[in-house]
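Q: Here is a sequence together with a model predicted from it:
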Amino acid sequence: MKLFNIIFILTILVFIGCQQLGTEIQQTGELPVSLSLQPAFENGFDVTAVRVTITKDDFTSSLYLTIDDSTNTASGTFSELQPGIYTIYVEVFEGDDVIATGSGTGEVIAGETTTVEIILELVPLTGDLIIIVDWGNLIPDIPRRILFIGNSITYYNGGVDLHTMNLANSIDSTLSIVCASVTGGGWTLQQHFNSPTTIQTIQEGNWDMVILQEMTSRPVNDPELFYEYATLLDSVITETGAQTAFFFSWPFESVFDEMIEQQSAAYNYIGNELDAPVIPVARSWQFSRQQNPELELFMEDGNHPNVHGTYLACCTFFAFLWDETPVGALYVNDPDITEIEMLFLQTIAWETYEIYRL
């Protein structure tokens with residue numbers, strides 16, 4: 001039995017209501033869950049059961065969703081939930097075999113409604129089923145002023161900020177995109193939070209979005225520090241009215257396949273915690289390496305991007321930030337990139353967007 005690889009992006013509706021009993025107000029919530037099974041049926045899978053489990057502290061509750069064969073949907077509702085952050089597990093069965101799994105977190109807040117969606121898809125690059133957790137459109141409609149905060153991963157080859165801006169304006173000059181960056185070699189988000197220059201740039205730039213790039217190893221080796229300073233910077237960013245986002249950068253070349261899933265878990269966790277979109281540039285790199293392993297994206301140090309790696313990152317940012325395909329764009333950040341390579345990298349970025357769209 002093959003257990004399919006999973007990417008979790010989720011769609012769940014969380015409705016919070018207040019019930020008044022005499023003079024006491026009891027705050028509980030309901031969590032309706034629905035999932036379209038159409039992609040599974042269209043690709044030859046016979047889904048026989050969908051089990052969703054939620055946990056918080058010592059509380060655990062499982063629910064088998066009701067499958068409606070006429071609409072190819074599965075649905076159910078968790079009732080009388082206390083406010084708080086719940087871990088959510090989803091399992092999709094074909095007979096006794098688990099054919100898809102996924103996990104994520106969701107927050108129940110008294111008096112508010114949170115929208116999350118479970119989407120079942122077939123990954124065209126691998127043939128695997130995935131479960132995607134979509135927290136709605138977290139990106140502003142048209143972010144025009146964007147600040148990148150990071151280290152050499154961001155500033156190599158002229159900078160992701162410069163080339164993303166040039167790419168966007170070459171495709172649609174009416175966007176009038178402005179991108180800038182604050183970077184330091186080897187810097188962490190902790191160092192940026194303690195930097196008056198970084199804080200001042202955030203506060204005085206009138207940004208629509210600030211994109212945070214952590215040191216490559218920290219989300220894996222010291223995730224608590226990553227979460228702490230991402231949260232502190234998010235407070236500074238959102239206080240100005242800007243949106244926080246995360247640059248999920250690629251792992252080290254020597255441990256790429258092992259490290260990417262650990263990074264993904266950390267970035268998705270903090271993204272969910274802060275309602276901040278995660279731009280999965282690392283996934284674009286992963287798909288490029290799978291489809292064309294001869295096309296090198298790394299410098300010789302196995303960490304920094306070469307010009308192809310930077311271009312793929314910029315194409316990925318363009319797709320996710322403006323919901324448009326970069327395929328066919330004429331802008332390229334370096335003349336050493338051939339037209340065939342340029343088209344390939346643009347296509348990979350768009351395929352990544354279609355799988356992981358926010």
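A: Good, I have the coordinates.

Q: Tell me who's in contact with the nearest residue to Arg218 once chain neighbours are set aside.
A: Once flanking residues are discounted, Arg218 sits nearest to Phe226: 4.9 Å by CB to CB, 6 or more residues apart in numbering. The C-beta positions use only the backbone N, C-alpha and C, and glycine is treated the same way. The neighbourhood of Phe226, defined by CB atoms under 8 Å, 6 or more residues apart in numbering, consists of Leu189, Glu214, Arg218, Pro219, Ala266, Ile270.

Q: 6 Å - rerun?
A: Glu214, Arg218, Pro219 (CB atoms under 6 Å, 6 or more residues apart in numbering).

Q: most neighbours, which of those?
A: Glu214 (30 neighbours; other CB atoms under 10 Å).

Q: tell me the SS of it?
A: Assigned by DSSP: H, G, I helix; E, B strand; the rest coil, the conformation of Glu214 is coil.

Q: Can you verify my assumption that it contacts Trp187?
A: No - at 9.4 Å, Glu214 does not count as touching Trp187 under the criterion of CB atoms under 6 Å.

Q: just to revisit the earlier point, give me the pLDDT value at the residue nearest to Arg218.
A: We have a pLDDT of 97 for Phe226.

Q: Look up how far Leu233 lies from it.
A: Distance of Phe226 to Leu233, computed by CB to CB, to the nearest Å: 11 Å.

Q: Over to Asn43?
A: 41 Å.

Q: Compare the two and say which is more crowded by neighbours.
A: Using other CB under 10 Å as the criterion, Asn43 and Leu233 rank with Leu233 on top: 22 against 12.

Q: which residues does that one contact?
A: Leu233 sits next to Leu189, Phe193 when contact means CB under 6 Å, 6+ apart.

Q: in which helix or strand would I find it?
A: Per DSSP states H and E, Leu233 falls inside helix 223-239.

Q: Can you give the distance from that helix to the centre of its chain?
A: Here the centre of helix 223-239 is set off from its chain's centre by 17 Å, with CA atoms, centre = their mean, to the nearest Å.

Q: Same question for stretch 302-320.
A: The chain centre lies 16 Å from the centre of stretch 302-320; the measure is CA atoms, centre = their mean.

Q: average pLDDT across that stretch?
A: The average pLDDT for stretch 302-320 rounds to 98.

Q: Report the buried residues of that stretch.
A: With burial defined by 16 or more other CB atoms under 10 Å, the residues of stretch 302-320 counted as buried are 303-320.

Q: For the stretch 151-300 of the chain, which segments are assigned as strands?
A: 178-183, 209-212, 243-247, 278-279 (DSSP state E, counting those that start in this stretch).

Q: closest one to Asp334 among those strands?
A: Closest approach to Asp334 among the strands of the stretch 151-300 of the chain is made by strand 178-183 (17.8 Å; CB to CB).

Q: mean confidence for that closest one?
A: For strand 178-183, mean pLDDT rounds to 96.

Q: Return the alpha-carbon coordinates of that strand using PDB.
A: Taking Å, rounded to 0.1, in the frame of the first residue of the first chain, the C-alpha atoms of strand 178-183 are listed here in PDB:
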ATOM      1  CA  VAL A 178       8.300  49.300  -6.000                       C
ATOM      2  CA  CYS A 179      10.400  46.700  -4.200                       C
ATOM      3  CA  ALA A 180      13.200  47.400  -1.800                       C
ATOM      4  CA  SER A 181      15.200  45.300   0.700                       C
ATOM      5  CA  VAL A 182      17.000  45.400   4.100                       C
ATOM      6  CA  THR A 183      19.600  42.700   4.200                       C
END
